[in-house]
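J.: return a 3D structure for these sequence lines:
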Amino acid sequence: MYYKKYISLIVLLFCFAFSHAQQLSGYVMEKNEKEDRFIYKIKSYVDSNPNLPFVDLHVVFESEMDQDIFSHRWTANYSTKKEIQTIQLIFDYPANQVINLSNNENPMGPGQSVLDAIERALGPTGAFAGRYPFPLDKPLHEAIAKKWNVKPENVMLGAGSTQILVNATHMYTSKDKAVVGSLPTYEECFGYASLIGSRTKAVPLTSDFRMDLDKTMYALKGSGMLFYCNPNNPVASLVNPSDSKEFIPRALKANKDLRILVDEAYIDYVTTPGHETMIPMAVQEPRLIVARTFSKAYGMAGLRVGYAIAHENTIKELDKFHMGNTISGLSYSAVLAALERDVADPSYIPNESKRNGEARAFTLKWFADRGYKATDAQANFTFVDVAMPVDYFQDACAKEGVKVGRPFPPLWTHCRISIGTMEEMRRAVQVFDKVLSAAKAQAA
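T.: Prediction:
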């Protein structure tokens, strides 16, 4: 069993090394022109086939370069060229003046009790940092299990929930077993599936930017895994709670080889009544996996800790490809402190949700008052039709010291805007006003 795990680890490292080697060997210079043309193909395919239940993205591949562009463009890195351009634009601003609304982070950080725990763990000499964190692994499994009233055997830790998404995609998809997801959705599963040669099926959203469950059900036939991001990143929308509870069991019943990966990264920011975690269902149903993270409401994106909760047999299955020892000792200490705070101060995360909700409501009202349409945001970000190419909006905002989200094809005029503090959002909308007013004047 162990040699299989090592072989899988070698394959993963090779894939990552190959990916980064391509970037370093001229990916940006060689592919910029073809990149935009290929992404436009996706939009054209969607526009010309509006009645198709899903888009088999590989049908628009015309070459190996198309495949490679897809695997890079649909990962969280988006485009090396675009990221470099945006960073260069904001270099003219002092770091403490740049408003970063691009990565769905928590501007408040992890809280003082967590910071204190990190400082205590590091100690006066820093000797703790010189030791592997093996002794903390069992306590963290137990703490997460206790929080959700499950067994430690139902828990798998990862370096952010990203590692969980990669693991599941690797285990349950192939060239014959597609990963199914929304178009658009968080790109990690699609990007990694393309990298390893798995088939991908992207289901266009409904007119109100929600997952189309009917078309998704059709796309699931013969597929290996459904990536069910709810609330859905980047559009911030939520499937009606009763619809989710009905759809997931029905999809599993109709597709005996299917796994469903529910990404609940943003669940703590949901304000729709009746929405609940799928964790109780996951520990009973071996083909359902829930991915969670400490990156969002818990404010620890930089510490990289996530986890999966599933039936213990499913955790054992995922462990065949799981690369362990990916979490630092300081991250262990931080998360353990946060879980202790959940018990001592149950109001902490609800208060963070309330803070985010107020800043989110302010931002949505600002856009609505000026005639810009946004989705029904249920996360720590919004998704707004800015009525101009999002690349231009992104660059113009960056020149004014505000970094907003990357493009998400095929929604070329919509921008994902993360929610910062209320002060940051008040400053940001002034920049938005300047940029959008200039665009209107130029178009007049």
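
J.: in this protein, where is pLDDT below threshold?
T.: Within the chain, the ranges that satisfy pLDDT under 70 run 1-96.

J.: now do the strands in it.
T.: Counting by DSSP state E, one finds strands in the chain at the ranges 55-56, 99-101, 155-158, 179-183, 200-204, 225-229, 259-263, 288-293, 306-310, 381-385, 402-404, 414-418.

J.: can you list these in CSV and add mean neighbour count and distance to residue 252?
T.: Using the backbone N, CA and C atoms, a C-beta is placed for each residue, glycine as well. Formatted as CSV, the strands of the chain follow (neighbours: other Cβ atoms under 10 Å; distance: least, Cβ to Cβ, whole Å):
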stretch, mean neighbour count, distance to residue 252
strand 55-56, 18, 22
strand 99-101, 22, 37
strand 155-158, 24, 20
strand 179-183, 27, 13
strand 200-204, 24, 17
strand 225-229, 27, 9
strand 259-263, 26, 6
strand 288-293, 27, 7
strand 306-310, 27, 13
strand 381-385, 25, 29
strand 402-404, 25, 37
strand 414-418, 28, 30
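
J.: so can I have CSV of these showing distance to residue 424?
T.: Shown next, in CSV, are those (distance: least, Cβ to Cβ, whole Å):
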stretch, distance to residue 424
strand 55-56, 36
strand 99-101, 5
strand 155-158, 30
strand 179-183, 29
strand 200-204, 33
strand 225-229, 25
strand 259-263, 26
strand 288-293, 22
strand 306-310, 25
strand 381-385, 13
strand 402-404, 9
strand 414-418, 10
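
J.: domains in this structure, by residue range?
T.: 2-71+112-344, 79-109+348-443 (automatic domain parsing).

J.: the helices in the stretch 51-200 of the chain, which residues?
T.: 64-73, 80-90, 112-122, 134-148, 160-172, 188-196 (DSSP state H, counting those that start in this stretch).

J.: how many other residues sit next to residue 277?
T.: Residues lying near residue 277 (other Cβ atoms under 10 Å) number 16.

J.: ok, the one 10 residues further on next?
T.: By other Cβ under 10 Å, 19 other residues sit near residue 287.

J.: same deal with residue 174?
T.: Under the neighbour criterion other Cβ under 10 Å, residue 174 is assigned a count of 15.

J.: for it, what are its contacts?
T.: By Cβ atoms under 8 Å, 6 or more residues apart in numbering, residue 174 lies in contact with 197-199, 224.

J.: can you turn the buried part of those residues into a PyMOL selection?
T.: Buried residues within those, by 16 or more other Cβ atoms under 10 Å, are selected in PyMOL with:
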select buried, resi 198+199+224
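
J.: residue 223 is in contact with residue 201, isn't it?
T.: Yes - counting by Cβ atoms under 8 Å, residue 201 is a contact partner of residue 223 at 6.4 Å.

J.: any common contacting residues for those two?
T.: 178-180.

J.: distance check, residue 345 against residue 400.
T.: 38 Å (Cβ to Cβ, to the nearest Å).

J.: more crowded one of those two?
T.: The residue with more neighbours, out of residue 345 and residue 400, is residue 400; 17 against 12, by other Cβ under 10 Å.

J.: need phi/psi at that one.
T.: In terms of degrees, to the nearest 10, the main-chain angles of residue 400 are phi -100, psi 10.

J.: nearest residue to it in space, please, no chain neighbours.
T.: residue 431 (4.3 Å; Cβ to Cβ, 6 or more residues apart in numbering).

J.: what of residue 236?
T.: residue 377 (3.9 Å).

J.: surely the one you found meets residue 368?
T.: No - Residue 377 is not in contact with residue 368 according to Cβ under 8 Å; the separation is 11.6 Å.

J.: neighbour-wise, which of those two wins?
T.: Neighbour count, other Cβ under 10 Å: between residue 377 and residue 368, residue 377 has more, with 27 against 12.

J.: residues touching that one, list them.
T.: 236-237, 360, 364, 383.

J.: which one of those is nearest to residue 409?
T.: residue 383 (13.6 Å; Cβ to Cβ).

J.: could you check how far that closest one is from residue 154?
T.: Separation of residue 383 from residue 154 (Cβ to Cβ) stands at 33 Å.

J.: what of residue 440?
T.: 53 Å.

J.: higher neighbour count, those two?
T.: residue 154 (23 against 11).

J.: the more buried one against residue 313, yeah?
T.: No - with contact defined as Cβ under 8 Å, residue 154 does not reach residue 313; the gap is 10.0 Å.

J.: circling back: what do residue 377 and residue 368 both touch?
T.: Joint contacts of residue 377 and residue 368 (Cβ under 8 Å, 6+ apart) do not exist.

J.: just give the closest residue to residue 213, not the sequence neighbours.
T.: Using Cβ to Cβ, 6+ apart, the closest residue to residue 213 is residue 247 (5.1 Å).

J.: and the contacts of residue 377 as JSON lines, adding distance to residue 117?
T.: Shown next, in JSON lines, are the contacts of residue 377 (distance: Cβ to Cβ, whole Å):
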{"residue": "236", "distance to residue 117": "31"}
{"residue": "237", "distance to residue 117": "35"}
{"residue": "360", "distance to residue 117": "29"}
{"residue": "364", "distance to residue 117": "35"}
{"residue": "383", "distance to residue 117": "35"}
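
J.: which among these gets closest to residue 425?
T.: Looking across the contacts of residue 377 and measuring by Cβ to Cβ, the closest to residue 425 is residue 360, at 8.4 Å.

J.: in contact with the closest one, which residues are there?
T.: Taking Cβ under 8 Å, 6+ apart as the test, what residue 360 contacts is 269, 377, 380, 382, 419.

J.: and which of these is nearest residue 327?
T.: Among the contacts of residue 360, and counting by Cβ to Cβ, the member closest to residue 327 is residue 380, at 22.9 Å.
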